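> Fold the following for me, if possible:
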Amino acid sequence: MPTLVVEKNVADERGTLLAFVEAQRGGLRRALLGLTDEQAAQKPSASELSLSGLVKHVAEVEQIWVRMAQGREPDTKRDQSTWGEAFRLAEDETVAGVLAFWDRATAETEEFIRSVPSLEDTFPLPEAPWFPADTRVSMRWLLLHLIEEFARHAGHADVIRESLDGKTAFELVAEAAQASGGGHDA
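Below is the predicted model of the structure:
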């Protein structure tokens, strides 16, 4: 575990869950430290995954899930024919632009989760072959799903980054902490 999530208030479940979401976001963001857009787009393994593609994917996924919980449409709608585009930058996209989009999605998540009356509030999953019919999930489930999604891809990012230049998650945590003035929450 490259970072420790400190529970600031044991009575604040939302805050604790949001802190775990942020910790996993941090793992993905740190994997990009010091890389150019070209390096971030490299695919150094048998996988089609690149760091820039992973970050674009998780940014879109975060917005999709939060907007679904809000009953709103995401900025980008994907279907089977465009799903692969979520894992690579288009010609006019940059890592900085994708990170800015993710910053907006992150702020929207934080504001929304802090505003819902209860983590037990639910929303319907869309009709899809991979979801059971007529299923509703809670806001707590949403946060846990984001943690799961980000953690899975943070692991992918660790492997990709180490394959690119040998830097491990622990080294990147130290670099981020040094760049931010030595804090441990990098």
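> count of neighbours near residue 179?
A total of 12 residues lie near residue 179 under the criterion other CB atoms under 10 Å. No exception for glycine: its C-beta is placed from N, CA and C like everyone else's.
> what's the distance between it and residue 61?
According to CB to CB, to the nearest Å, residue 179 stands 27 Å off from residue 61.
> Ok, residue 88 next?
The separation that residue 88 has from residue 61, given CB to CB, amounts to 15 Å.
> Over to residue 49?
Computed with CB to CB, the distance linking residue 49 and residue 61 is 14 Å.
> How about residue 34?
According to CB to CB, residue 34 and residue 61 sit 25 Å apart.
> and what of residue 14?
For residue 14, the distance to residue 61 equals 20 Å [CB to CB].
> Likewise for residue 78?
Computed with CB to CB, the distance linking residue 78 and residue 61 is 10 Å.
> Give me the three-state assignment for residue 123.
Here residue 123 is recorded as strand under DSSP: H, G, I helix; E, B strand; the rest coil.
> was I right about it contacting residue 71?
Yes: taking contact to mean CB atoms under 8 Å, the distance of 7.1 Å between residue 123 and residue 71 places them in contact.
> Look at these two and report which has more neighbours.
Just comparing residue 123 and residue 71: by other CB under 10 Å the higher neighbour count belongs to residue 123, 17 against 8.
> Not counting sequence-adjacent ones, nearest residue to the more buried one?
Closest residue to residue 123 apart from its sequence neighbours, by CB to CB, 6 or more residues apart in numbering: residue 69 at 4.6 Å.
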